[in-house]
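**Student:** Compute the structure for the input listed below.
(chains A and B)
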Amino acid sequence: QSALTQPASVSGSPGQSITISCTGTSSDVGRNSLVAWYQQLPGKVPKLMIYEVSKRPSGVSNRFSGSKSGNTASLTISGLQPEDEGDYYCSSYAGPYTYLIFGGGTKLTVL
Amino acid sequence: EVQLLESGGGLVQPGGSLRLSCAASGFTFSRNWMHWVRQGPGKGLVWVARVNSDGISTNYADSVKGRFTISRDNAKNTLSLQMNSLRVDDTAVYYCVRGSDLGTYYFDYWGQGTLVTVSS
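**Tutor:** Residues are numbered from 1 along each chain as shown, chains lettered A, B, ... in the order given. Here you go, the predicted model:
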């Protein structure tokens, strides 16, 4: 049950766009559309930002978007804002035995 | 308002046991799958276990399989995690998490967490 692979950190300036990748295998990310992204701001609990690869829950800004190609999912944040700074985690359903795995997390710094 | 309130964390020696509880309110508890997710100090999220709506079906991460047991009491709106044979690497904040109405593999409400420290 290895974690999905995310870059440890990404950074960008206010107004710019950044993309965070999440690489798995054909047993998890590549096998279905059950990929989600969570935002964890400093000292807060995680918040669901994207589900089913690219869908946004009600109330989540349209600056956040998701996509997937093969075994890699991506989260793009456009129009970066200082309040976006925090940790971002991907997750994927991984079958009936492994069930669910998270990525290792990516720290976003808004310069 | 959905609320999830964990309790039961604390300091325990390696090999010891601990039982976590989560009191749920603000939603029809019996309708949602429930999960435990943990986060080690300064580390990432790790899914631990899940139980379906009626408590019959469960899944566990390999790292806790055979040592942890998830259960629920729908009459009392309570989720539990019995943790046995605890190891130092089980040290983490444990979150009680609701499976989302958008899909059971997504988590829409999180408790504030309860800290479990395994140390001699």
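
**Student:** Show me what the residue sitting nearest the centre point of chain B is bridged to.
**Tutor:** In chain B, the residue lying closest to the centroid (C-alpha atoms, centre = their mean) is B:W36, at 2.8 Å. Listed by DSSP bridges, the beta-bridge partners for B:W36 are B:A49, B:C96.

**Student:** Which elements pack onto the least confident helix or strand in chain B by mean pLDDT?
**Tutor:** Lowest on mean pLDDT, DSSP states H and E among the helices and strands of chain B sits strand B:103-110, with a mean of 92. Strand B:103-110 sits against strand A:35-40, strand A:47-50, strand A:86-93, strand B:34-39, strand B:92-100, with contacts defined as 3 or more C-beta pairs under 8 Å, 6 or more residues apart in numbering or on different chains; DSSP states H and E. Bear in mind the C-beta positions are built from the backbone N, C-alpha and C, glycine included.

**Student:** wait, which of the ones you listed is closest to B:L79?
**Tutor:** Among those, the nearest to B:L79 by C-beta to C-beta is strand B:34-39 (4.7 Å).

**Student:** thinking again about what came up before, how much space is there between the residue nearest to the centre of chain B and A:Q6?
**Tutor:** The spacing between B:W36 and A:Q6, counted by C-beta to C-beta, to the nearest Å, is 22 Å.

**Student:** how far away is the residue lying farthest from the centre of chain A from A:S33?
**Tutor:** Farthest-out residue of chain A from its mean C-alpha position, per C-alpha atoms, centre = their mean: A:Y97, at 22.7 Å. Separation of A:Y97 from A:S33 (C-beta to C-beta) stands at 19 Å.

**Student:** can you pull out the strands in chain A?
**Tutor:** Here chain A has its strands, by DSSP state E, at A:9-12, A:18-23, A:35-40, A:47-50, A:64-69, A:72-77, A:86-93, A:100-102, A:106-110.

**Student:** Can you add mean neighbour count, mean pLDDT and distance to chain B and give those back as a markdown table?
**Tutor:** Formatted as a markdown table, those follow (neighbours: other C-beta atoms under 10 Å in any protein chain shown; pLDDT from 0 to 100; distance: least, C-beta to the nearest C-beta, whole Å):
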| stretch | mean neighbour count | mean pLDDT | distance to chain B |
| --- | --- | --- | --- |
| strand A:9-12 | 15 | 97 | 13 |
| strand A:18-23 | 20 | 98 | 12 |
| strand A:35-40 | 26 | 97 | 5 |
| strand A:47-50 | 21 | 97 | 5 |
| strand A:64-69 | 17 | 97 | 12 |
| strand A:72-77 | 22 | 98 | 14 |
| strand A:86-93 | 25 | 97 | 5 |
| strand A:100-102 | 24 | 95 | 5 |
| strand A:106-110 | 18 | 97 | 10 |
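
**Student:** could you redo those strands as JSON lines and give each row distance to B:K65?
**Tutor:** As requested, those are arranged in JSON lines below (distance: least, C-beta to C-beta, whole Å):
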{"stretch": "strand A:9-12", "distance to B:K65": "32"}
{"stretch": "strand A:18-23", "distance to B:K65": "25"}
{"stretch": "strand A:35-40", "distance to B:K65": "23"}
{"stretch": "strand A:47-50", "distance to B:K65": "26"}
{"stretch": "strand A:64-69", "distance to B:K65": "29"}
{"stretch": "strand A:72-77", "distance to B:K65": "26"}
{"stretch": "strand A:86-93", "distance to B:K65": "18"}
{"stretch": "strand A:100-102", "distance to B:K65": "14"}
{"stretch": "strand A:106-110", "distance to B:K65": "28"}
